[in-house]
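> give me the fold of what follows.
(one chain, ligands or ions: 1)
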Amino acid sequence: MNNSGVYQKSREEVLEIGKKYKFPEDKLKEFLKPDKVLEVNIPVKLGTELVTFKGYRSQHNNNLGPYKGGLRFHPRVNKDEVMALSLWMSLKTAVVGVPFGGAKGGIAVDPKVLTEKQLENLSREYTRKVFDILGPEKDVPAPDVNTNPKIIDWMADEYIKINQKSKIKNQKLNELYATFTGKSKYGLSGRTEATGFGGVTVLNELVKKLKLNPKKTTIAVMGFGNVGYYFADLASKNGFQVIAVSDSKGGIVKNGQGRYIPLDIPLVFECKNEKGSLAGCYCAGGVCDTRGGQLISNEELLELSVDILVPAALENVINENNMQNIKAKIIIEMANGPITPKAYHYLTEKGVIIVPDILANSGGVAASFIEWEQNMKNKTYKKDVVLKRLEKLMIAAFANVWEESKKNKTDLKEASYLVALKRILKS
Ligand code: NAD
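The predicted structure follows:
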């Protein structure tokens, strides 16, 4: 999964679509340059050794509101990647229609090898290093790959401590908490499942348009973290047949009478929590039994004969090497950038319907906006209210993109970029 040059590739993609729809080239090029990319050194004591990690924050564009985007902890995090991810955030916030711009950040680290205390020190030190560019009306980070509410709580706590110590301005505590979303303290009820919930809302709208029967529609989900788990769980609760799921160690399917049969997602989740990985769940606790259970690799999962494929892990997993083996007729990009541009063109030509990431996974940032607003207004919204509002935003975003795709006889990705560029460049 070579990820180098991803920013350049994503920039060219947007530029091409922008030019096709005759947006002024100077405005387009200006928009495509990130406003600011901060690179920081983060020293953390690991035992007796002081190790320096690289951290980043790319603030891409704030035409529509404060910079907004997640923080990722992964060994592969680099400047190029955060720049690409921040560009996608600018497009995403515009597609889902929330008053935010786009940003992304992260640390090149494998958090799994750190103790909890080391992880806390790393998170707090990162916050100190990027403190100056954050703020509820400046830049609002959130969780992403390998980051979670606990990490965000440490960061929010550190941010508030520095702010109160420095007495830069007299901002209210609730507003200071609005500097981060995805928190548990002052957080939003429903934020944890928001991205998966948003994706399944889009899935429901799509199957209505295509007149598919959920009960006869099979789904394979790659990635069983925050996004993949909730997507799989809610899709199966909505009647879809989720027949395969996977995490970084591989996936599971269950055979029955010559076909794959739906997995019991809550049971799989329980088992993964107990064993640490889905591979450990092979033939355990009834997730798969000795007759039907099968362990598959992530490569095999992507090539299964399913109706809908849902990559919900990392970038570029569908690429030149495997595009010819993809059998799904619909792909829902719950991860950011899971399909390379070449594979995207190949599959679209073949008639595969691809729901792009900037629409499919925009439920996360839409919920972040609701959390931010809740903090700014010093209110606490109830979960059912949050999910209803989120559903409305997702249905409207899907309808806009669908309409634009029909009007211009184009695919959903091009239509999403068009919706986003119209909003961003008009402002
Ligand atoms: P997460 O860390 O909670 O989960 C990631 C999952 O991917 C884990 O199950 C992990 O085992 C699996 N994984 C890691 N490497 C893999 C590999 N090589 N092959 C297969 N599986 C692998 O992260 P998440 O929050 O679920 O994010 C997943 C994707 O969704 C990312 O692309 C992220 O940018 C995107 N996204 C997340 C949110 C959000 O709200 N969390 C919002 C929008 C987009």
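> near the ligand, which residues of the stretch 301-427 of the chain?
Listed as neighbours of the ligand in the stretch 301-427 of the chain under the rule Cβ under 6 Å from any ligand atom: Ala312, Ala313, Leu314, Met334, Ala335, Asn336, Asn361, Gly364. Glycine gets a C-beta too; all of them are placed from N, C-alpha and C.
> identify the farthest-apart pair in the residues you listed.
Leu314 and Gly364 (15.9 Å; Cβ to Cβ).
> more neighbours, these two?
Gly364 (27 against 20; other Cβ atoms under 10 Å).
> so which strand or helix has the more buried one?
helix 363-376 (DSSP states H and E).
> which SSE is immediately downstream of that helix?
helix 383-407.
> average pLDDT across that following helix?
Averaging pLDDT along helix 383-407 yields 98.
> can you list contacts of that helix?
Residues outside helix 383-407 that contact it (Cβ atoms under 8 Å, 6 or more residues apart in numbering): 95-98, 188-191, 194, 197-198, 201-202, 205-206, 209, 359, 362-363, 366-367, 370, 410-412, 414-416, 418-419.
> tilt between that helix and helix 363-376?
Put simply, helix 383-407 runs at 130 degrees to helix 363-376, going by axes from the mean of the first three to the mean of the last three Cα atoms, to 10 degrees.
> check which element follows helix 383-407 along the chain.
Next along from helix 383-407, by DSSP H and E: helix 412-426.
> for the closest residue to the ligand within the stretch 151-300 of the chain, give me its contacts.
Per Cβ to the nearest ligand atom, Gly225 is where the stretch 151-300 of the chain lies closest to the ligand, at 1.7 Å. By Cβ under 8 Å, 6+ apart, Gly225 lies in contact with Val145, Asp247, Ala312, Ala313.
> quick one: residues contacting the third one.
Shown here is Ala312, whose contacts under the criterion Cβ under 8 Å, 6+ apart are Val221, Met222, Gly223, Phe224, Gly225, Val227, Gly228, Phe231, Met334, Ala335.
> still on that earlier bit, avg pLDDT for the helix holding Gly364?
97.
> and what of stretch 225-241?
Stretch 225-241 comes out at a mean pLDDT of 97.
> CA atoms only: put that stretch into PDB for me.
Extracted C-alpha coordinates of stretch 225-241, given in PDB (Å, rounded to 0.1, in the frame of the first residue of the first chain):
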ATOM      1  CA  GLY A 225     -12.700  -0.200  14.300                       C
ATOM      2  CA  ASN A 226     -15.000   2.700  15.100                       C
ATOM      3  CA  VAL A 227     -16.300   3.200  11.600                       C
ATOM      4  CA  GLY A 228     -16.300  -0.400  10.400                       C
ATOM      5  CA  TYR A 229     -17.900  -1.900  13.500                       C
ATOM      6  CA  TYR A 230     -20.800   0.600  13.700                       C
ATOM      7  CA  PHE A 231     -21.400   0.400  10.000                       C
ATOM      8  CA  ALA A 232     -21.500  -3.400  10.100                       C
ATOM      9  CA  ASP A 233     -23.700  -3.400  13.200                       C
ATOM     10  CA  LEU A 234     -26.200  -0.800  11.900                       C
ATOM     11  CA  ALA A 235     -26.300  -2.300   8.400                       C
ATOM     12  CA  SER A 236     -27.200  -5.700   9.900                       C
ATOM     13  CA  LYS A 237     -29.800  -4.100  12.200                       C
ATOM     14  CA  ASN A 238     -31.300  -2.400   9.000                       C
ATOM     15  CA  GLY A 239     -31.700  -5.900   7.500                       C
ATOM     16  CA  PHE A 240     -28.600  -6.100   5.300                       C
ATOM     17  CA  GLN A 241     -26.600  -9.300   5.200                       C
END
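> buried stuff in it?
Neighbour counts over stretch 225-241 (16 or more other Cβ atoms under 10 Å) mark 225-236, 240-241 as buried.
> let's have these in a markdown table, adding secondary structure and distance to Arg124.
What follows is these, written out as a markdown table (DSSP: H, G, I helix; E, B strand; the rest coil; distance: Cβ to Cβ, whole Å):
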| residue | secondary structure | distance to Arg124 |
| --- | --- | --- |
| Gly225 | coil | 23 |
| Asn226 | helix | 22 |
| Val227 | helix | 26 |
| Gly228 | helix | 29 |
| Tyr229 | helix | 28 |
| Tyr230 | helix | 28 |
| Phe231 | helix | 32 |
| Ala232 | helix | 33 |
| Asp233 | helix | 33 |
| Leu234 | helix | 34 |
| Ala235 | helix | 37 |
| Ser236 | helix | 39 |
| Phe240 | coil | 41 |
| Gln241 | strand | 44 |
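> nearest to Gly135, of those residues?
When these are compared against Gly135 (criterion: Cβ to Cβ), the nearest one is Asn226, at 25.4 Å.
> quick one: contacts for the closest one?
Counted by Cβ under 8 Å, 6+ apart, Asn226 has contacts Pro143, Asn148, Thr192, Thr195, Gly196.
> in strands, which of these fall?
Using DSSP state E, Pro143 are the members of those that sit in strands.
> what does the stretch 151-300 of the chain put close to the ligand?
Counting by Cβ under 6 Å from any ligand atom, the residues of the stretch 151-300 of the chain near the ligand are Thr195, Met222, Gly223, Phe224, Gly225, Asn226, Val227, Gly228, Ser246, Asp247, Ser248, Asn298.
> of those residues, which is the nearest to Ile318?
Nearest to Ile318 among these, with distances taken as Cβ to Cβ, is Met222, at 9.4 Å.
> burial count for that closest one?
26.
> adjust the sequence numbering to begin at 133 for everything that follows.
Got it, the first residue is 133 from now on, which makes the last one we talked about Met354.
> bridged to it, which residues?
Ser378, Pro443 (DSSP bridges).
> elements contacting the strand ranked longest in the chain?
Counting by DSSP E, the longest strand found in the chain is strand 181-193. Judged by 3 or more Cβ pairs under 8 Å, 6 or more residues apart in numbering; DSSP states H and E, strand 181-193 is in contact with strand 168-178, strand 199-205, helix 211-228, strand 234-239, helix 248-262, strand 271-275.
> need the winner for burial among these.
Ranked by mean neighbour count, these are led by strand 234-239 with a mean of 30 (mean count of other Cβ atoms under 10 Å).
> and that one, does that touch the ligand?
No. Using Cβ under 6 Å from any ligand atom, strand 234-239 never reaches the ligand; the gap is at least 8.6 Å.
> what does that strand contact?
Contacts for strand 234-239 (Cβ under 8 Å, 6+ apart): 174, 185-193, 199-206, 209, 213-215, 217-225, 254, 258, 262, 271, 273, 276.
> from the residues you listed, which are also near the ligand?
Asp276.
> mind saving the C-alpha coords of the longest strand of the chain as PDB?
C-alpha atoms of strand 181-193 as PDB (Å, rounded to 0.1, in the frame of the first residue of the first chain):
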ATOM      1  CA  GLU A 181      15.300   7.000  26.500                       C
ATOM      2  CA  LEU A 182      14.000  10.300  25.100                       C
ATOM      3  CA  VAL A 183      12.400   9.600  21.700                       C
ATOM      4  CA  THR A 184      11.400  12.300  19.300                       C
ATOM      5  CA  PHE A 185       8.200  11.600  17.200                       C
ATOM      6  CA  LYS A 186       7.100  13.700  14.200                       C
ATOM      7  CA  GLY A 187       3.800  15.400  14.400                       C
ATOM      8  CA  TYR A 188       1.800  17.300  11.800                       C
ATOM      9  CA  ARG A 189      -1.200  19.600  11.400                       C
ATOM     10  CA  SER A 190      -2.300  20.600   7.900                       C
ATOM     11  CA  GLN A 191      -4.900  23.500   7.900                       C
ATOM     12  CA  HIS A 192      -6.200  23.300   4.400                       C
ATOM     13  CA  ASN A 193      -9.000  25.800   3.900                       C
END
